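Undergrad: Provided below for reference: sequence and predicted model.
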Amino acid sequence: REGKPLVMLTAYDYPSAVHADLAGIDIVLVGDSLGMVELGHDTTQFVTMAEMLHHCRAVAAGARRPLIVGDMPFGSYEISHEIATTNALRMIKEGHVNAVKLEGGITRAEAVKRIVETGIAVMGHTGLTPQSISSLGGFRPAGQTFEEAKRILDDALALQEAGAFAIVLECVPERLAQRITEILDIPTIGIGAGRWTSGQVLVYHDMVGMLTHPHHAKVTPKFCKKYARTGEYINSALQQYRDEVRTRKFPSDEFSPYSLPEPEWNMFDEHSRKMLVAKSETEQSESVAASAEINVY
């Protein structure tokens, strides 16, 4: 690619996939981050295989040109290599993705190797691994000490040896990500890892400023640049719609395009007026009856 950085973006549905395709994004990741930005969870751990497959199919329908990578959700590959391989095959056959992504390093290398041996391309993921939030004690940057930095490098090398075609480096210092990128023979995709990885990835909702709800603001990472404030435009449009409906400004004549010819209307008017009269008489009778009941008490 002539030294040009790879551009990766998450997408979770048909519209966002279409936008990514039209923008010339290289890789679309159907991330398990959908649990947080689409389903409202506080972590990615609650996302199921069924949910991932559903969203993967929608993205595959909208993004025809980019490479589509599907996150394997928490619990879908840790139990055994056989289960990992089976679920990876489901991601390809039922989710219609081109590759899968797993979190973890040395401990997941054998699972990566087994999946690659079945003919499925695997993207690795080390540094901060959000699926391990329970054992990590929360979302926090990785590679803050020599031992952590060495572990991340060892993880990356193990993933490369296992056959991964690329590795996501998340929330690590820039110079650590740069050095790992220089050592590896496969591309690195950074997220919160500085400028010198082989490419970058951001979450769609974060980078377009989709959501302004306090829940989302709470989980939006520091490293994410907002390239638009889409959520503010959406909120403004919804409030304008609400106000125009309540004041009957919408729909105006411009948005009421259908008409009934006068002769046809006259016949319908005569027919329906009988119903209006009957309805009025019924309502009056019910009102009188209600008043009489109240007077009794």
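TA: Perfect, I can see it now.
Undergrad: and the helix or strand containing Arg175, what does it pack against?
TA: Assessed by DSSP states H and E, Arg175 sits inside helix 174-183. Counting contacts by 3 or more CB pairs under 8 Å, 6 or more residues apart in numbering; DSSP states H and E, helix 174-183 is packed against helix 146-162, strand 166-170, strand 188-191. Where you see a C-beta, it was placed from the backbone N, CA and C, and this is true even at glycine.
Undergrad: please name whichever of those is nearest to Val69.
TA: Val69 lies closest to strand 166-170 among the helices and strands packed on helix 174-183, at 8.7 Å (CB to CB).
Undergrad: can you redo the helices and strands packed on helix 174-183 as a markdown table with mean pLDDT?
TA: Formatted as a markdown table, the helices and strands packed on helix 174-183 follow (pLDDT from 0 to 100):
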| stretch | mean pLDDT |
| --- | --- |
| helix 146-162 | 97 |
| strand 166-170 | 97 |
| strand 188-191 | 97 |
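Undergrad: which among the ones you listed is found nearest to Ala17?
TA: strand 188-191 (18.2 Å).
Undergrad: what's around the nearest residue to Gly199 once chain neighbours are set aside, how many residues?
TA: Leaving aside its sequence neighbours, Gly199 sits nearest to Leu6 (CB to CB, 6 or more residues apart in numbering; 2.8 Å). For Leu6, the count of nearby residues is 19 (other CB atoms under 10 Å).
Undergrad: cool, and Leu276?
TA: Number of residues near Leu276 (other CB under 10 Å) recorded here: 10.
Undergrad: please apply the same query to Arg195.
TA: Around Arg195 there are 10 residues (other CB under 10 Å).
Undergrad: now the helices and strands packed on helix 174-183 as CSV including distance to Thr44 and mean neighbour count?
TA: Converted to CSV, these look like this (distance: least, CB to CB, whole Å; neighbours: other CB atoms under 10 Å):
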stretch, distance to Thr44, mean neighbour count
helix 146-162, 19, 18
strand 166-170, 12, 27
strand 188-191, 13, 27
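Undergrad: so where do the helices sit in the stretch 1-150 of the chain?
TA: Secondary structure of the stretch 1-150 of the chain by DSSP state H, counting those that start in this stretch: the helices cover 14-22, 34-37, 49-62, 81-93, 109-117, 133-136, 146-162.
Undergrad: any buried residues in the first one, and which?
TA: Applying a neighbour-count criterion of 16 or more other CB atoms under 10 Å, the buried positions in helix 14-22 are Tyr14, Ser16, Ala17, Val18, His19, Ala20, Asp21.
Undergrad: doesn't Thr10 make contact with the third one?
TA: Okay, so that is Ala17. No. Taking contacts as CB atoms under 8 Å, Ala17 lies outside contact range of Thr10: 10.0 Å.
Undergrad: spit out the residues that contact those two alike.
TA: Taking CB atoms under 8 Å, 6 or more residues apart in numbering as the contact rule, Ala17 and Thr10 both touch Val28.
Undergrad: can you get me a residue count around Ala164?
TA: Counted with other CB under 10 Å, residues neighbouring Ala164 total 28.
Undergrad: give me the pLDDT for the nearest residue to it once chain neighbours are set aside.
TA: Of all residues not flanking Ala164 in the chain, Gly124 sits nearest, at 4.0 Å (CB to CB, 6+ apart). Here, the pLDDT recorded for Gly124 equals 98.
Undergrad: next: the one 5 residues further on.
TA: According to the predicted model, the pLDDT of Thr129 comes to 88.
Undergrad: next: Met210.
TA: For Met210, pLDDT reads 88.
Undergrad: offset the numbering so it begins at 670, please.
TA: Taking 670 as the first residue, the last one we looked at is Met879.
Undergrad: please report the distance of it from Leu822.
TA: Computed with CB to CB, to the nearest Å, the distance linking Met879 and Leu822 is 35 Å.
Undergrad: circling back to that earlier point, list the contacts of the residue nearest to Ala833.
TA: Applying CB under 8 Å, 6+ apart to Gly793 gives the contacts 770-771, 773-774, 777, 781, 824-825, 828-829, 831, 833, 835-837.
Undergrad: isn't Leu758 right next to Ile789, touching?
TA: Yes. Under the contact definition of CB under 8 Å, Leu758 touches Ile789, with a separation of 7.0 Å.
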